[in-house]
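would you be able to build a 3D model of this:
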Amino acid sequence: MVLGWVTSGVGIWLREVQRVRSRCWCAARQNMLTVRGAGVTWLSREEAIDLDVQLMSPTYGFALETLMELAGQALAHVIVDHFGEKRLLQGGGPISVVVGPGNNGGDGLVAARHLVHFGYPVEMWYPKRNNRQPFVGLTRQLETLEVPFVDGISKHATAIVDCVFGFSFRVDRSVEPDGCVRPPFARVIETMNISQAPILSCDLPSGWDVDDGIQNGYPSVQAPEAILSLTLPKRGVSQFTGSHYCGGRFVPHVLAREKALQLPQYQGTQTFVRLS
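Residues are numbered from 1 along each chain as shown. I've put the predicted structure just below:
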């Protein structure tokens, strides 16, 4: 999601916020790329974090739970639109939603709930649970819907939804590749890669550097069929050639003007748009 943090602890979050807010945004023209005719702003890691900080500030008044709910709803809509009802229902297996402990995982928990209410079979792989709110509540909501929590991905899965790492993930090139992704997530990523089911990644594929994209030799989702960027696309996926969507329709126009952001052009009641 928009809010794809994989760190835990308020102190870490506050230090990151203070560091990011001390830096200025790049000029708007440095952020602008064109994706097959769709002019949108592409964010760096620091810009994406700062945008979240602004949204959750007293000025704009968003709560984490609100942003997570809107992002997860858009994700559910994209999953159904991209894969199609026939593909998801006639395949005979569940949609496998793979979630991490951060806010990107929270988006996946929300999306799974919406998918169940849409009538689709879902299973959750949640290898490292977050014992804080709103994650505990989101997990409980799925349990009351009798969604199975499993260890792995069903061989009959019709699709995989990758919600493990979000935009706060950074490839640390100072460590060996195996040490860049903490257990158990190297195994989780490998399992997604060897599955025969198509992958749709939330915000960016897990293991990709937010600024520099996929890093050879480091654990990462290798060949997603589709990506849903949340709020705005991140620079690390600028060379992605698959199906690319953008959702998270909640940035106030006054904030967009303040940050010189070019938002996607949504139509009517759309919760997402297709970029490529």
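
name the SS class of the residue nearest to residue 56 when sequence neighbours are not counted, please.
Leaving out its chain neighbours, the residue that sits closest to residue 56 by Cβ to Cβ, 6 or more residues apart in numbering is residue 62, at 5.2 Å. C-beta coordinates here come from the backbone N, C-alpha and C atoms, glycine included. At residue 62 the chain is in coil, as set by DSSP: H, G, I helix; E, B strand; the rest coil.

okay, now residue 62: neighbour count?
Residues near residue 62, counting by other Cβ atoms under 10 Å, number 19.

please list all residues in contact with it.
With contact taken as Cβ atoms under 8 Å, 6 or more residues apart in numbering, residue 62 is in contact with 55-56, 250.

now residue 144: how far from residue 69?
Remark: distance between residue 144 and residue 69 (Cβ to Cβ, to the nearest Å) = 17 Å.

let me have the contacts of residue 62 in CSV, extended by pLDDT.
Formatted as CSV, those follow (pLDDT from 0 to 100):
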residue, pLDDT
55, 98
56, 98
250, 96
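
mind checking which of those residues are in helices?
Counting by DSSP state H, the part of the contacts of residue 62 found in helices is residue 55.

quick check, nearest of the contacts of residue 62 to residue 201?
Nearest to residue 201 out of the contacts of residue 62 is residue 250 (Cβ to Cβ; 20.4 Å).

so who does the residue nearest to residue 145 when sequence neighbours are not counted touch?
With Cβ to Cβ, 6+ apart as the criterion, residue 145 has its nearest non-adjacent residue at 5.0 Å, and that residue is residue 116. Applying Cβ under 8 Å, 6+ apart to residue 116 gives the contacts 122, 142, 145, 147.

surely the last one touches residue 111?
Put plainly, it is residue 147. No: the pair residue 147 / residue 111 is not scored as a contact, 11.7 Å apart, by Cβ atoms under 8 Å.

show me which of those two is the more surrounded one.
Neighbours were tallied for residue 147 and for residue 111 using other Cβ under 10 Å; the higher tally belongs to residue 111 (29 against 21).

for residue 267, which non-adjacent residue is closest in space?
Excluding the flanking residues, the one nearest residue 267 by Cβ to Cβ, 6+ apart is residue 273, at 7.8 Å.

what average pLDDT does the one helix or strand the one you found maps to get?
Element membership for residue 273, per DSSP states H and E: strand 272-274. Mean pLDDT, computed over strand 272-274, is 97.

that strand pairs with which strands, and in what direction?
Take DSSP bridges as the rule and strand 272-274 pairs in its sheet with strand 243-247 (antiparallel).

which residues in the stretch 151-276 of the chain form strands?
For the stretch 151-276 of the chain, the strands defined by DSSP state E, counting those that start in this stretch occupy 159-163, 199-202, 226-230, 243-247, 272-274.

nearest to residue 191, out of those strands?
With Cβ to Cβ, the closest approach to residue 191 among those belongs to strand 159-163: 9.2 Å.

of the contacts of residue 116, which belong to helices?
Counted as lying in helices by DSSP H, out of the contacts of residue 116, are residue 142.

follow-up on the earlier one: from the contacts of residue 62, which single one is nearest residue 200?
Set against residue 200, the nearest of the contacts of residue 62 by Cβ to Cβ is residue 250 (20.8 Å).

burial count for that closest one?
Count around residue 250 with other Cβ under 10 Å applied: 19.

which non-adjacent residue is nearest it?
Closest to residue 250 by Cβ to Cβ, 6+ apart is residue 70, at 5.2 Å.

which strands and helices lie in contact with the helix or strand that the one you found is a member of?
Assigned by DSSP H and E, residue 70 falls within helix 64-83. Applying 3 or more Cβ pairs under 8 Å, 6 or more residues apart in numbering; DSSP states H and E, we find helix 64-83 packed against helix 103-118, strand 159-163, strand 199-202, strand 226-230, strand 243-247, strand 272-274.
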